[in-house]
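> fold the following, please.
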Amino acid sequence: MMNRFLKYVVFAALAVFPFASQAEYLKQVKEFELESHLGGMVSLDDYVDNDYVVMYIHGSGCPIARLSVSSFQEIRSDYADRNIDFLMLNSFVQDDMDRIKKEAEEFSVEVPILKDADQSVARSMGVERTAEVFIVDPRTREIHFRGPINDALGYETQRSSASNHYLRDALETVMAGGTVNMRDIPDAKGCLVGYFLS
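Numbering: from 1, shown residues only. Predicted structure coming up:
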């Protein structure tokens, strides 16, 4: 009888855990007003007329982040008429605006890179590594997806083409009113974002 009860408890915990962990993993973005490397200040409120905003975690000097920029900007171009906007967020302690501008010029970054100087926006999102992307509803500030753009890049691998297109698939899912199953999404590969001690 006790064994059957324990099995039931374990089964119930396993059944509930993925949903609870997904809800905790996909957080909300705090309201922000951040400086853009293109000039001026940018807030999430600037995008309330968009269905979604895709945010890419940027870091100057990070190899995977650099190599992923072209894929990110290609997706931005492909979704130009889909009422979705694209941003980058830089929370690297060592990156000031001059360094960000230099990196953007060197790697032809056309997307606004926002400097999260106090790292509060990254903290609110649960950011861990560069080259991770987030799909955000600019009205509710809810995050509907976080993960890698695709599976072309890894810490020791670089494929000429991707087999899984996580961001594109996620965009199609959320635009159709669906929910991305985050259990099917691997962790993003990138450079660790170091935080100030809080």
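> burial count for T179?
Neighbours of T179 under the rule other Cβ atoms under 10 Å: 12. Just so you know, the C-beta spots here come from the backbone N, C-alpha and C atoms, and that holds for glycine as well.
> no, scratch that, I was asking about D45
Residues near D45, counting by other Cβ under 10 Å: 11.
> now it, what are its backbone angles?
When read as degrees, to the nearest 10, the backbone of D45 gives phi -60, psi -20.
> just list the residues touching it, thanks.
For D45, the contacting residues are 31, 138, by Cβ atoms under 8 Å, 6 or more residues apart in numbering.
> identify the bridge partners of the residue nearest the centre of the chain.
Nearest to the mean C-alpha position of the chain, by Cα atoms, centre = their mean, lies V133 at 2.3 Å. Beta bridges link V133 to Y56, G147 when assigned by DSSP bridges.
> need the contact list for it.
Per Cβ under 8 Å, 6+ apart, neighbours of V133: 54-57, 72, 145-149, 167, 188.
> apply 6 Å and report the result again.
Counting by Cβ atoms under 6 Å, 6 or more residues apart in numbering, V133 touches 54, 56, 149, 167.
> quick one: contacts of stretch 188-198?
With Cβ under 6 Å, 6+ apart, stretch 188-198 has contacts from 59, 62, 64-65, 91, 119, 127, 129-132, 147-148, 154-155.
> which two of those residues have the greatest separation?
Farthest apart among those by Cβ to Cβ are Q119 and G154. That separation is 26.1 Å.
> give me the more crowded residue out of the two.
Neighbours per residue, other Cβ under 10 Å: of Q119 and G154, the larger number sits with Q119, 17 against 12.
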